[in-house]
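Undergrad: Here's a sequence, model it:
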Amino acid sequence: MMLLFEICLLAAALAADVFIYRNLVRPRGWSKAVKTVVSVSVVLPDFLVVAMPLLYSFLDNRNPLTMHILMWCTFSFILVLLFKLFLVAGCAAAKRRGSRIYAFAGIAAGLACAAVMICGATVGRSTIRVERIQVCSPRLPEGFDSFRIVQFSDLHVGSLMNPERFISRLVDTVRSLSPDLVAFTGDLVNIRYSEITPPLFELLSRIDAPYGVYSVLGNHDLGFYIKDTLALPVEQNLRALSEIQRSLGWCLLSDSSVYVHAGGDSILLTGLGFPQQARLHGHNSVLAGTDIAAAYASADTAVYNLVLAHAPQLWDTLCEMNRSDLTLSGHVHAMQMKLRLFGREFSPARAVYEHWSGAYRRGLRTLYVNDGLGCVMYPMRIGARPEVTLIELRRCE
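TA: Residues are numbered from 1 along each chain as shown. From the prediction side, this is the model:
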């Protein structure tokens, strides 16, 4: 899928380059040297999309700087590509209609698009927002009426530009919401467990709640993206990261369930991590490999069930199995781009995921997909700022 995406981007870039050369560079009375410099300047950014797989192959991904280089290469390529596409559209319209105003409009639109991307790469990816929702159910025990859950997800520590400052703000945000329970729904790291440095461990250890902090593993936590698996076997990475979470005081649930008790009542809390078998199929509509039946072994499924599932694709299976009153997921990030128009939300994620952001309801069952905190592929968030969610459970008839 990523290869197809890169091929499409490169094809669009080359088509724009051909138009620019034939219509804007070649007809001008510049010297051959100037035309060569301009042509190279137009084409040069296209090599970034070709260089990215090569960079990933040769650079050492034990260093988070590797991923920052790759993400900023992607960002730079997309920024230049969009500017060129707006320029081409404006110039084509100007040529067809015989007015330069369209060319200037294309340039203005390209600059505006670049400004939006730069905002997304600065303020957009560093400003944490709090989403507040209420989830009502007649199945909720009275002891859990007004119970407050804070969810955060997809931290991707290795993708953060200033992780200590960002995580400090995250911890302060979570603590300020006075949660009864905290839920982390996977992807603590971006590549490997060593991203959790001692200062970050100290900060994360400040996240607590009266009824505990519960977590599951995401696809990035499982070590899928470690290059040198001889130096760091996937199993060793997984053990180390699991131990880190337990040392933080978090209860890591791996296809298992526990009971949470309040006011003489109980709810069932189930954790479903990302399946090992889905390494290359994380965007499939159905994820194979999660042992949902094992997660409910010896559990009383008649009680209210809160599920932490990294991938929202598992919700359909849970509904078919008559499980889960409330499912909390992450994984998608809304592909870090979300546009709100006329009361509706639009995102590239809609083309890949049925459930990609926010709340979804099916009868008495609710799914909430958190937009996450970190970044993958490119270091920006446009309209999908880092999210912490406050969920208030209410008993209703």
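
Undergrad: C-alpha only now, for contacts and for neighbours.
TA: Will do.

Undergrad: What about residue 228, how many residues nearby?
TA: 12 (other Cα atoms under 10 Å).

Undergrad: My guess is residue 392 contacts residue 148. True?
TA: Yes. Counting by Cα atoms under 8 Å, residue 392 touches residue 148, with 4.7 Å between them.

Undergrad: unless I'm mixing things up, residue 326 is touching residue 365, no?
TA: Yes. If you go by Cα under 8 Å, residue 326 and residue 365 touch, sitting 6.0 Å apart.

Undergrad: who has more neighbours, these two?
TA: Per other Cα under 10 Å, whichever of residue 326 and residue 365 has more neighbours is residue 326, with 23 against 20.

Undergrad: So what sits opposite the more buried one in the bridge?
TA: For residue 326, the beta-bridge assignment (DSSP bridges) gives partners residue 306, residue 366.

Undergrad: any low-confidence regions in the stretch 251-397 of the chain?
TA: Low-confidence segments of the stretch 251-397 of the chain (pLDDT under 70): 277-290.

Undergrad: can you pull out the helices in it?
TA: Along the stretch 251-397 of the chain, counting by DSSP state H, counting those that start in this stretch, helices occupy 292-295, 314-320.

Undergrad: Would you format those as JSON lines with mean neighbour count and distance to residue 102 included?
TA: Shown next, in JSON lines, are the helices of the stretch 251-397 of the chain (neighbours: other Cα atoms under 10 Å; distance: least, Cα to Cα, whole Å):
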{"stretch": "helix 292-295", "mean neighbour count": "15", "distance to residue 102": "57"}
{"stretch": "helix 314-320", "mean neighbour count": "16", "distance to residue 102": "48"}
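
Undergrad: Output those helices in TSV; the columns should cover distance to residue 380.
TA: Listed next are the helices of the stretch 251-397 of the chain as TSV, based on distance: least, Cα to Cα, whole Å:
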stretch	distance to residue 380
helix 292-295	34
helix 314-320	27
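
Undergrad: I'd like to know which of the ones you listed is closest to residue 304.
TA: Counting by Cα to Cα, residue 304 lies closest to helix 314-320 out of those; the figure is 13.6 Å.

Undergrad: How far does the closest one sit from its chain's centre?
TA: Here helix 314-320 shows a centroid-to-chain-centroid distance of 21 Å under the convention Cα atoms, centre = their mean, to the nearest Å.

Undergrad: do the same with stretch 386-397
TA: Remark: stretch 386-397 is offset 21 Å from the chain centroid, using Cα atoms, centre = their mean.

Undergrad: Same question for stretch 125-135.
TA: The answer for stretch 125-135 is 14 Å, by Cα atoms, centre = their mean.

Undergrad: Just the element for residue 173, please.
TA: Using DSSP states H and E, residue 173 sits in helix 163-176.

Undergrad: what distance separates the next helix or strand after that helix from the centre of its chain?
TA: Next helix or strand after helix 163-176 toward the C-terminus (DSSP H and E): strand 181-184. From the chain centre to the centre of strand 181-184 is a distance of 18 Å (Cα atoms, centre = their mean).

Undergrad: Who are the packing partners of strand 181-184?
TA: When contacts are defined as 3 or more Cα pairs under 8 Å, 6 or more residues apart in numbering; DSSP states H and E, strand 181-184 packs onto strand 147-152, strand 213-215.

Undergrad: what's the most buried one of those strands?
TA: Of all the helices and strands packed on strand 181-184, strand 213-215 has the most neighbours on average by mean count of other Cα atoms under 10 Å, namely a mean of 26.

Undergrad: Quickly run through the sheet partners of it, with directions.
TA: Strand 213-215 pairs in its sheet with strand 181-184 (parallel), strand 250-252 (parallel), by DSSP bridges.

Undergrad: Out of the ones you listed, which is closest to residue 304?
TA: Using Cα to Cα, those put strand 181-184 closest to residue 304, at 15.5 Å.

Undergrad: so after the closest one, what's the next helix or strand?
TA: Next in sequence after strand 181-184, counting helices and strands by DSSP H and E, comes helix 198-204.

Undergrad: what residues does that following helix touch?
TA: Contact partners of helix 198-204, identified using Cα atoms under 8 Å, 6 or more residues apart in numbering, comprise 163, 164, 167, 168, 171, 248.

Undergrad: so what sits against both of residue 326 and residue 365?
TA: Among the neighbours of residue 326, none is also in contact with residue 365 (Cα under 8 Å, 6+ apart).

Undergrad: related to what we said a few turns ago, pull up the overlap in contacts between residue 392 and residue 148.
TA: With contacts taken as Cα under 8 Å, 6+ apart, not a single residue reaches both residue 392 and residue 148.

Undergrad: wait, which of the helices of the stretch 251-397 of the chain is closest to residue 74?
TA: Closest among those, using Cα to Cα: helix 314-320, at 30.2 Å.

Undergrad: Mind giving me the ChimeraX command for buried ones among the contacts of helix 198-204?
TA: In ChimeraX, this line selects whichever of those come out buried by 16 or more other Cα atoms under 10 Å:
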select :163,164,167,171,248
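
Undergrad: ok, back up a step: return the helix holding residue 173 as CSV; C-alpha atoms alone will do.
TA: Extracted C-alpha coordinates of helix 163-176, given in CSV (Å, rounded to 0.1, in the frame of the first residue of the first chain):
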residue,chain,number,x,y,z
PRO,A,163,9.4,14.4,23.8
GLU,A,164,10.0,15.5,27.4
ARG,A,165,8.2,18.8,26.9
PHE,A,166,5.3,17.2,25.0
ILE,A,167,4.9,14.3,27.5
SER,A,168,5.0,16.7,30.4
ARG,A,169,2.1,18.6,28.9
LEU,A,170,0.3,15.3,28.3
VAL,A,171,0.7,14.2,32.0
ASP,A,172,-0.5,17.6,33.2
THR,A,173,-3.5,17.4,30.9
VAL,A,174,-4.5,13.9,32.1
ARG,A,175,-4.1,14.7,35.8
SER,A,176,-6.1,17.9,35.4
